[in-house]
Each structure stands twice: as C-alpha cells, then as structure tokens.
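Peer 1: Sequence isn't available, so here's the structure alone:
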C-alpha cells in the first residue's frame with residue numbers, strides 16, 4: 001500500500017524521524033498552542049521503544065525525554081500547581097505498567113517528569129486526557145479491553161495525586177481515545193470493531209455504545225488514533241485513523257450523533273512522502289503557527305519515498321497537514 005484510499009490531501013511538513021530504527025516505533029502525537037500567542041506551538045510524539053519527543057512546527061526536535069516504552073500521549077493546559085499553571089501531559093507506559101505524567105512549562109516548553117500512576121492493567125496501551133469542569137481526567141486502556149478513568153491533581157506540595165473514578169471495558173483490544181470536554185463524551189476505538197462512545201461521569205456504571213462499527217466502507221481495521229478538532233464557529237470534527245487502507249474518516253461531532261462527512265489520505269507534497277499504515281493522529285483547530293485554520297498531525301509508518309515493508313521497519317515519523325486542505329478536499 002503506497003497511497004491511502006481516501007480523498008487526497010497534500011502533506012505540508014514532517015518531523016525528524018524518531019530515534020529507534022528497524023522497529024515499529026513512532027506511535028502517537030499531540031499538539032499544544034499558546035492560547036495567547038498562536039505562533040508558539042509544540043508537537044509531542046512518542047517513540048514507543050524509547051520515550052517522548054517535543055518537536056517544533058518545522059519538524060525539528062525541541063526536546064527528548066528517554067523515558068521508556070511510552071505508547072499514547074495526550075495533554076490539557078491550565079493545570080494548577082503550586083508553581084503556577086502548567087500543561088498536564090500524560091502517556092501510557094508499558095514498561096512501568098501505568099500512566100506516566102509530565103508537567104510542561106507553557107513559556108519554555110520544558111517537560112518535567114512528574115510521576116507514574118501504577119495501574120492493574122495487563123498492558124497499558126491507549127491513553128487520553130480530558131477536563132470535566134475543574135477536574136482533569138486521564139483514561140488508560142489495556143490490550144484486554146479494560147479501561148481505567150482517573151482524576152488527577154497536584155497536592156499542596158506539588159505531589160502527584162491520582163484517584164480512580166471508574167473502570168469499564170470493551171470486548172476486544174482498544175487503543176485510540178479522545179474526550180470531548182464540552183459535551184462530556186469519551187470516544188474509544190476498539191481496533192477490530194469500531195468506535196464506542198461513553199459518558200465521563202465521576203461515578204456509576206459507564207454508559208457506552210458502539211456508534212460506528214467496523215469493518216465498513218468508512219473504517220478498515222485496525223481503528224487506531226482518534227482526535228477532535230474544534231472550530232471557533234462551534235463545529236467539532238472527529239477524525240479516526242483507518243489503518244487498514246491508510247485513510248482518515250471525518251465526522252461532524254457537535255450534534256447528538258456523529259455525522260460522517262468523508263475520508264482523506266495524505267499524499268506526497270512539499271518534499272514530504274505519503275502517510276501509510278497510519279497509527280496515532282492529533283488535531284487542533286484555529287491558528288497554529290502558519291496553519292490559520294488548524295493543524296492535523298499523524299504517525300507515518302514509513303518515512304521514505306519507497307513505502308516497502310523493509311522501509312517501514314527502518315524509520316518512522318509524524319506528518320503535518322493543513323486543516324484548510326482537508327476542509328477543501330471534503331467540502332466541509
């Protein structure tokens with residue numbers, strides 16, 4: 001598979017490849033932009049064999065934390081600590097069997113390891129972060145379908161405080177997830193079965209249902225990364241990685257139900273190769289540096305001109321796509 005099956009959109013830029021070579025290494029990205037200065041932005045990305053990268057928007061490496069087998073990463077800004085507001089960053093940690101938490105300084109982008117929350121999961125795999133009012137939530141799922149919902153805060157001395165709120169499950173292995181903070185919804189991808197939606201209440205049984213089954217013409221397993229892009233006019237878009245055919249399904253997500261609007265794939269452009277066999281995906285609406293409408297970042301399993309099986313085990317990285325290109329291609 002050299003090109004995805006969705007409507008073509010051009011790659012805008014790419015990151016430096018992760019350090020691990022000849023292995024399935026790059027996995028999941030996330031984006032943060034300074035709410036007071038959209039020219040200041042950072043992309044985080046995991047090397048699931050080695051640690052956590054921070055990239056500039058030009059794709060160069062800003063920082064790297066060699067912190068082990070981190071799989072998925074997510075974040076939320078405005079996290080209160082005794083040292084002032086920080087960006088809460090969390091990653092699923094398959095080496096230390098839990099969730100690794102970091103604090104990122106919003107002025108310097110410096111990442112500081114904060115602690116690890118141990119979890120009774122067979123293998124911590126997917127992860128996402130959200131907010132419910134003033135509460136910061138971390139969701140971690142496992143290869144056997146189990147999900148843990150945690151509330152995280154900083155103690156008076158700055159120590160990591162984590163409390164399990166709920167636990168629930170899906171029938172088989174999940175990974176990608178994303179929380180819609182405004183609507184209290186958690187979207188969770190069951191890799192071979194489709195997309196689930198759960199509520200994010202603090203207690204009680206989790207109300208979940210499979211809202212977008214797979215395989216289908218929209219999603220070809222594995223269903224991998226999930227992300228939400230919110231626009232200033234109130235529109236919200238759910239983007240799902242369709243790994244089986246190198247495409248991304250796009251849904252309008254601000255109504256009571258998802259509304260499917262099309263699929264796109266990332267084609268070679270601007271000196272950047274195509275995205276194939278994609279895994280994690282992240283998106284952020286509004287100005288993000290030179291991307292005036294928003295930015296989408298996704299994992300590429302083959303950072304090379306020749307998309308062969310051998311090259312996919314050589315080097316992997318993350319590709320950047322202008323959200324305006326997606327909007328235009330799909331007529332959103």
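Peer 2: Perfect, thanks for sending it. A quick note: this is a predicted structure, and the numbers were derived from the prediction, not measured.
Peer 1: quick one: low-confidence parts of this structure?
Peer 2: 1-2, 305-313 (pLDDT under 70).
Peer 1: Which strands and helices lie in contact with the helix or strand residue 140 falls within?
Peer 2: Taking DSSP states H and E as the definition, one finds residue 140 inside strand 135-142. The contact analysis (3 or more C-beta pairs under 8 Å, 6 or more residues apart in numbering; DSSP states H and E) places strand 135-142 against strand 84-93, strand 98-104, strand 124-132, strand 146-154, strand 174-180, strand 185-190. In short, each C-beta sits where N, CA and C put it, glycine included.
Peer 1: Make CSV out of these and add mean neighbour count and distance to residue 276.
Peer 2: Formatted as CSV, those follow (neighbours: other C-beta atoms under 10 Å; distance: least, C-beta to C-beta, whole Å):
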stretch, mean neighbour count, distance to residue 276
strand 84-93, 23, 24
strand 98-104, 24, 29
strand 124-132, 24, 21
strand 146-154, 20, 29
strand 174-180, 26, 17
strand 185-190, 24, 19
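Peer 1: With distance to residue 236 as extra columns, can I get those strands in CSV?
Peer 2: Shown next, in CSV, are the helices and strands packed on strand 135-142 (distance: least, C-beta to C-beta, whole Å):
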stretch, distance to residue 236
strand 84-93, 21
strand 98-104, 24
strand 124-132, 14
strand 146-154, 21
strand 174-180, 7
strand 185-190, 10
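Peer 1: correct me, but residue 254 touches residue 236?
Peer 2: Yes: judged on C-beta atoms under 8 Å, residue 254 makes contact with residue 236 at a distance of 4.1 Å.
Peer 1: Quick one: closest of the helices and strands packed on strand 135-142 to residue 60.
Peer 2: Using C-beta to C-beta as the measure, strand 98-104 is the one of the helices and strands packed on strand 135-142 that comes nearest residue 60, at 17.6 Å.
Peer 1: what packs against the helix or strand just after that closest one?
Peer 2: Per DSSP H and E, the first helix or strand lying C-terminal to strand 98-104 is strand 111-118. Contacts defined by 3+ C-beta pairs under 8 Å, 6+ apart place strand 111-118 against strand 61-65, strand 98-104, strand 160-169.
Peer 1: contacting residues around the second one?
Peer 2: Right, the one you point to is strand 98-104. 32, 42, 52, 65, 67-68, 70, 75, 79, 81, 86-93, 110-119, 121, 124, 127, 138, 140, 150, 152, 160, 162 (C-beta atoms under 8 Å, 6 or more residues apart in numbering).
Peer 1: now it against strand 84-93, angle please.
Peer 2: Angle, strand 98-104 to strand 84-93, by axes from the mean of the first three to the mean of the last three C-alpha atoms, to 10 degrees: 150 degrees.
Peer 1: How about the last one?
Peer 2: Orientation of strand 160-169 against strand 84-93 (the same axes, to 10 degrees) gives an angle of 40 degrees.
Peer 1: Show me the contact partners of strand 160-169.
Peer 2: By C-beta under 8 Å, 6+ apart, the residues outside strand 160-169 that reach it are 99, 101, 114-115, 117, 137-138, 145-155, 198, 201-206, 208.
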